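Q: sequence and predicted model, in that order:
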Amino acid sequence: MSPLVHRRTFLALTAAALPCRAWSQTTPDDGAAEDKRLAAFFEKVDEERLQLNPEALTARGRKERYGELNDHSEAAWPKALAMGEAQVAQMRASFDRAKLSPGAKLSFDLFQRQLAVRKTQFGWYWQSYAVSNYGTSLDNIPPMLVTQHRVDTVEDAEAYVSRLRAMERVANEVSSELDKRTANGFLPPKLVFAHVIPDAENQIKGAPFDNGPDQAIWADLKKKVAGLPGDAKAKILAAGEAALKGEWRRGYLRYLQALRNMSEKAVENKGVWSLPNGEAYYADMLKFHTTTDMTADQIHQIGLSEVARLTTEMQAIKRAVGFQGSLEAFLDYIRADPKFRYPNTDAGKAACLSDAKKRVADYMAVAGRQFANLPTQPLEVRAVEPFRERTAGAVPFYQTGTPDGSRPGIVYFNLSDMSQVLRPQLPALTYHEGAPGHHFQLSRQISQADLPPFRRFNGFTAYSEGWGLYAEGLAKEAGFYQDPFDEFGRLSLEIWRAVRLVLDTGIHAMHWTRERAIDYMKRNTLNSERDVAGEVDRYFTNPGQATGYKIGQMKFLSLRQKVAKAKGSAYDIRDFHEVVLKNGALPLDMLEAQVDAYLGGK
């Protein structure tokens with residue numbers, strides 16, 4: 001999966017209550033001039049937002065406000081919404097949609113639609129969980145420092161230390177809201193705290209806090225300042241140590257207190273049906289993540305149908321390799337046999353990363369057969385850092401690089417427990433996260449200068465994750481999965497996404513218990529026991545998100561079939577991929593409209 005953006009971070013990227021400056025009302029001479037004016041407006045809007053969001057600036061590879069962190073308080077939400085409403089109103093008043101080109105009209109419409117989405121999300125502020133299985137917005141900051149904050153100069157290092165100091169302010173903001181929710185009964189399922197509290201505790205363990213090995217941020221700072229002049233390096237390290245032992249530690253102690261207080265009150269694991277207006281909230285979350293109007297019942301039935309179809313395909317492979325038992329017994333056999341695992345040693349971890357890198361290289365060698373435009377950004381495969389192994393989950397994930405390539409796209413594997421990494425699943429997971437999956441889609445999107453920034457740096461679950469799942473099958477068409485166990489691994493991952501349709505709706509609309517959900521996933525997927533529990537916990541705390549993968553994949557497949565039928569002998573898969581990728585991530589109905597426009601121009 002691509003990295004999930006915490007709910008507050010999502011809105012913080014657009015937060016700020018500054019009025020937009022007046023925009024020229026000059027009548028354009030032609031449509032091209034109106035398009036240019038609109039493009040300039042979007043650039044200006046983006047820059048105003050960015051200048052008030054230092055973490056977003058860093059994510060883009062820029063160093064303005066480099067020593068600061070975002071506003072993580074409750075007040076950031078209405079500020080973000082107010083700014084969005086002002087910007088959309090300004091756009092409507094300043095531009096005549098009828099004079100725009102089709103591409104500019106798409107941006108005009110999407111800008112309005114994204115405001116409507118934010119308003120809906122804000123309307124469910126209290127129903128949404130402040131603490132998910134991945135933590136809170138505070139938990140995004142240490143990975144940001146390690147993976148995104150570059151240190152090229154003394155000033156960059158000083159900015160790093162400033163951010164360490166700012167963590168006390170952020171922790172107080174996040175903790176104050178947690179305390180408010182605890183007092184008013186807006187509590188997440190009890191299960192989240194077993195993931196989040198240990199990771200928070202790890203942030204104040206090890207050197208310089210005690211005699212243990214270097215804590216991750218301290219190790220990162222030492223590594224990044226290694227090339228600085230001696231006097232400057234010593235000064236930075238002294239300041240960094242003081243910040244960690246001072247503001248950083250006080251912030252985390254405050255945060256841990258808030259988490260523990262909330263944990264004591266959170267005693268149940270229930271779906272969002274148990275929340276006030278839970279049914280309506282879940283319907284909106286399904287709409288948000290699938291960008292469709294499908295009901296929970298419809299999605300549940302699609303999931304059951306897909307599980308049945310994929311089970312038949314998996315049974316065929318089981319028979320082909322000569323296994324005599326049931327499909328459940330075959331799943332147990334693959335989970336248990338050491339030949340399907342990497343050793344839980346340094347050598348085993350290195351072999352896993354090496355195999356993933358080879359899969360990327362092998363696909364890139366043939367990618368031109370399926371794509372007219374290949375990524376220019378580099379792609380790397382890395383291990384998840386120890387400090388976030390618990391909340392990172394067992395499944396690999398992708399982190400987008402920067403448009404200029406100064407930070408590569410990265411596929412992360414969590415290698416803390418190699419029993420969670422199955423050899424037959426590694427190929428499809430690598431194709432999903434790297435090439436031709438998220439890296440092909442996201443690196444293309446953020447580098448596409450003809451798209452306005454709000455489209456280059458935003459996404460939709462069904463589109464992005466649907467593309468990732470679609471890409472797993474695309475690799476098969478490119479000639480991979482020749483080993484039947486690799487093909488079984490691919491099918492096991494696809495059925496896992498079908499199971500998600502059943503479980504997400506089961507939990508949040510049909511009152512399934514955690515135990516029932518775990519049992520269903522164990523019986524129908526290849527996932528390990530630990531991964532099953534972690535996945536189910538994720539569905540509890542992020543309602544609707546897990547449905548986007550299969551719904552999106554099915555839309556890509558149906559659109560491709562539609563194009564192939566219409567084009568006949570003129571059909572070229574590279575043209576189809578260009579059509580669906582060139583506009584960046586879109587809601588599925590807008591994506592279909594773009595495909596229809598392409599076919600209408602044939």
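A: Received the coordinates, thanks. Numbers count the residues shown, from 1 in each chain.

Q: could you point out which element follows the helix or strand of the chain with the lowest mean pLDDT?
A: For the chain, counting by mean pLDDT, DSSP states H and E, helix 7-12 ranks last in confidence among helices and strands (a mean of 36). Next helix or strand after helix 7-12 toward the C-terminus (DSSP states H and E): helix 31-51.

Q: give the buried residues for the longest helix anywhere in the chain.
A: Longest helix of the chain, by residue count under DSSP state H: helix 154-184. By neighbour count on 16 or more other Cβ atoms under 10 Å, the buried set for helix 154-184 is 154, 156-175, 177-178, 181-182. (Glycine included, C-beta is placed from N, CA and C.)

Q: and if you look at stretch 118-126?
A: For stretch 118-126, by 16+ other Cβ under 10 Å, it's 118, 121, 124, 126.

Q: test my guess that the last one contacts Pro188.
A: It stands for Trp126. No - counting by Cβ atoms under 8 Å, Trp126 stays clear of Pro188, with 11.9 Å between them.

Q: thought Leu429 was touching Tyr398?
A: No - counting by Cβ under 8 Å, Leu429 does not reach Tyr398; the two are 10.5 Å apart.

Q: rewinding a little: the buried residues of stretch 118-126 in strands, which ones?
A: When DSSP state E defines the strands, the subset of the buried residues of stretch 118-126 inside them is empty.

Q: just the residues you listed: which are in helices?
A: Reading helices off the buried residues of stretch 118-126 with DSSP H, I get 118, 121.

Q: for the buried residues of stretch 118-126, work out which two are farthest apart.
A: Arg118 and Trp126 (16.0 Å; Cβ to Cβ).

Q: low-confidence regions, the protein specifically.
A: Regions of the chain meeting the criterion pLDDT under 70 cover residues 1-30, 391, 602.

Q: Tyr412: which element?
A: Going by DSSP H and E, Tyr412 is in strand 409-413.

Q: now what about that strand, what contacts it?
A: 147, 352-353, 356, 360, 375, 377-384, 392, 396-401, 421, 430, 433-434, 438-439, 442-443 (Cβ atoms under 8 Å, 6 or more residues apart in numbering).

Q: how far is the next helix or strand after that strand from where the chain is centred?
A: With elements assigned by DSSP H and E, the helix or strand that comes after strand 409-413 is helix 426-433. Distance of helix 426-433 from its chain centroid, counting by Cα atoms, centre = their mean, to the nearest Å, is 16 Å.

Q: and the angle for the very next helix or strand once past helix 426-433 with strand 409-413?
A: Moving toward the C-terminus from helix 426-433, the next helix or strand (DSSP H and E) is helix 438-447. Relative orientation of helix 438-447 and strand 409-413, computed by axes from the mean of the first three to the mean of the last three Cα atoms, to 10 degrees: 150 degrees.

Q: tell me how far the next helix or strand after helix 438-447 lies from the chain's centre.
A: Next along the chain after helix 438-447, taking DSSP H and E as the criterion, comes helix 453-456. What separates the centre of helix 453-456 from the centre of its chain is 16 Å, taken as Cα atoms, centre = their mean.

Q: and for stretch 378-388?
A: 15 Å.

Q: and what of stretch 428-448?
A: On Cα atoms, centre = their mean, the centre of stretch 428-448 falls 12 Å from that of its chain.

Q: buried residues in it?
A: Neighbour count says stretch 428-448 has 428-448 buried, by 16+ other Cβ under 10 Å.
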